[in-house]
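# Whatever this is, show me its structure:
(chains A, B, C and D)
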Amino acid sequence: MSFNPEDSLKIENIVASAKVCDSLDLPTLAAEIKGAEYNKKRFPGVVLRMTDPKIAALVFGSGKVVLTGAKSIESLNRGLEILGGLLRDLKIDIPDDLTYKIQNIVTSADLGTPINLNKIAVGFNLDRIEYEPEQFPGLVYRLEEPKVVVLLFGSGKLIITGGKQPEDARGAVQKILSDLSNLGMI
Amino acid sequence: RLRKWQRRIRVSNATERNLAFALSELDRMASALGLPRNVRETAAVVYRDAVDKNLIRGRSIEGVAAAALYAACRQCSVPRTLDEIAEVSRVSRKEIGRTYRFISRELGLKLLPTSPIDYVPRFCSGLTLKGEVQSRAVEILRQAGERELTSGRGPTGVAAAAIYISSILSGERRTQREVAEVAGVTEVTIRNRYKELAEKLDIEIIL
DNA sequence: ATGTTACTTTAGAAAGC
DNA sequence: GCTTTAAAAAGTAACAT
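Coordinates of the predicted model:
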């Protein structure tokens, strides 16, 4: 049995947004919740950092929230529950059934073989690729299906981002592998 | 009517004025970088093509001019880094890079990644190294390319390392500091690159 | 000369400049 | 377009030891 790139898939970060209520008083939140950061001049939202699942939350006056840093759907759920709890502790009415929308999932993976980026830059669809080693060591490959962006490195390791479904990363790796084999690489 | 004519004349004047400004900017930057005439002409063509395709909308003339010059340098195989272009421009490196990607895609320039080899002549002359040293550096880079030692590495750093090695092998040694200076990279980068090249290409370097 | 920290790139939402 | 968040990849840079 050989190395399976698909087994190396690992979610590194999930970004999700949600609406927890119709409005929030940010100054109060910043004052009551320890560790909260709030500089209206700098950024319009309050920054809350949770430790259990290590997640950062951006809370806005509109009641909308952004959660980042979760490495699994489970921890993302936990993070939103914890955030809801923190707000309820401040006597704010927060529904029990909070829902969110995943906006982006960042996944890492490993093809298990070094890749010659220069050859890919010649063989692949030139208009879907960007490779400027002077600026960044990774080759940027934009896929249509799944609609994600892949950062491919010479080591064979890669980053898949922009997907909204955890399975998008798997589809991207399969696509990359087939493209690579079609071009006689790997 | 007359009004329409006046408008056309105004637009024409503005267009001509902007083009004149862009061309003078290209010339100013090219002079500051000591670029040959063919590069300036290529840059002017790229800029005019960008204007003809309305790619200037929402972008500054200076930004597009700088990006056009950056593209022209690469097309003519006498690359300048984004930092070097930015040094003689009022636009930031980030803006130039962003504009370059845009016009490059819209005009279908299809430029391949800059080859380290294209930096050899300029860096070597900056170090007053003869053709023999250049040839040896190019040969090292050719082998490095085949052995996948350039994937993801900065072209200037790899070129600098190859020249550093070549200068030693040719008995015209230049210090890492001197090479780093003309190549615009740090000594640490030259050290990392030359060690990798020497090891994987089995080049023995006696200091 | 080596070690640490930090920045480059990618995506996406949020409210507002 | 920018600001802020998080996180990975690999290379390079800046500053400290």
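# residues from chain B in reach of chain A?
B:81-82, B:97, B:101, B:105, B:110, B:112-114, B:145, B:148, B:150-156 (C-beta under 8 Å from any C-beta of the partner chain). From N, CA and C alone the C-beta is placed, and that goes for glycine too.
# Go again with 7 Å.
Residues of chain B lying near chain A by C-beta under 7 Å from any C-beta of the partner chain: B:81-82, B:97, B:101, B:105, B:110, B:112-114, B:148, B:150-155.
# show me where chain A has helices.
A:26-32, A:73-88, A:117-123, A:166-182 (DSSP state H).
# One more: chain B?
So, for chain B - with DSSP H - the helices run B:2-32, B:37-52, B:61-75, B:82-87, B:93-106, B:120-126, B:131-146, B:155-169, B:176-183, B:187-200.
# among the ones you listed, which is the most enclosed?
Of the helices of chain B, the one with the most neighbours on average (mean count of other C-beta atoms under 10 Å in any protein chain shown) is helix B:155-169, at a mean of 27.
# any bit of that helix sitting next to DNA strand C?
No - counting by C-beta under 7 Å from any atom of the strand, DNA strand C has no neighbours in helix B:155-169; the shortest distance is 11.3 Å.
# ok so, going back, what's the most distant pair in the residues of chain B next to chain A?
B:Arg105 and B:Glu148 (27.0 Å; C-beta to C-beta).
# and residue 72, what is it in contact with?
In the absence of a named chain, this looks at chain A. Contact partners of A:Ser72, counting by C-beta atoms under 7 Å, 6 or more residues apart in numbering or on different chains, are A:Ile11.
# The chain in question should be chain B.
B:Ala72 touches B:39, B:42-43, B:46, counting by C-beta under 7 Å, 6+ apart.
# Give me the pLDDT value at it.
Confidence at B:Ala72, expressed as pLDDT, is 98.
# Then A:Ser2?
87.
# any idea how far A:Leu111 is from it?
12 Å (C-beta to C-beta, to the nearest Å).
# out of these two, which sits in the busier spot?
More crowded of A:Ser2 and A:Leu111, by other C-beta atoms under 10 Å in any protein chain shown: A:Leu111, with 21 against 5.
# Report the mean per-residue pLDDT for stretch B:47-65.
Mean predicted confidence for stretch B:47-65 is 97.
# residues touching the residue lying closest to A:Glu132 once chain neighbours are set aside, list them.
In this structure, A:Glu132 finds its nearest non-sequential neighbour in B:Pro113, 6.5 Å apart by C-beta to C-beta, 6 or more residues apart in numbering or on different chains. B:Pro113 sits next to A:118, A:121, A:131-133 when contact means C-beta under 7 Å, 6+ apart.
# could I get those as JSON lines with distance to DNA strand C and neighbour count?
JSON lines is the format used below for those (distance: C-beta to the nearest atom of the strand, whole Å; neighbours: other C-beta atoms under 10 Å in any protein chain shown):
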{"residue": "A:Asn118", "distance to DNA strand C": "18", "neighbour count": "20"}
{"residue": "A:Ala121", "distance to DNA strand C": "15", "neighbour count": "18"}
{"residue": "A:Tyr131", "distance to DNA strand C": "11", "neighbour count": "23"}
{"residue": "A:Glu132", "distance to DNA strand C": "8", "neighbour count": "21"}
{"residue": "A:Pro133", "distance to DNA strand C": "10", "neighbour count": "24"}
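# quick one on the thing from earlier: how about the helices of chain A in JSON lines, adding mean pLDDT?
Output for those, formatted as JSON lines (pLDDT from 0 to 100):
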{"stretch": "helix A:26-32", "mean pLDDT": "98"}
{"stretch": "helix A:73-88", "mean pLDDT": "98"}
{"stretch": "helix A:117-123", "mean pLDDT": "92"}
{"stretch": "helix A:166-182", "mean pLDDT": "97"}
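# would you turn the ones you listed into JSON lines with distance to DNA strand D?
Shown next, in JSON lines, are the helices of chain A (distance: least, C-beta to the nearest atom of the strand, whole Å):
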{"stretch": "helix A:26-32", "distance to DNA strand D": "14"}
{"stretch": "helix A:73-88", "distance to DNA strand D": "11"}
{"stretch": "helix A:117-123", "distance to DNA strand D": "10"}
{"stretch": "helix A:166-182", "distance to DNA strand D": "12"}
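# I'd like those helices written out as a markdown table, with distance to B:Ala30 added.
Converted to a markdown table, these look like this (distance: least, C-beta to C-beta, whole Å):
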| stretch | distance to B:Ala30 |
| --- | --- |
| helix A:26-32 | 52 |
| helix A:73-88 | 53 |
| helix A:117-123 | 28 |
| helix A:166-182 | 40 |
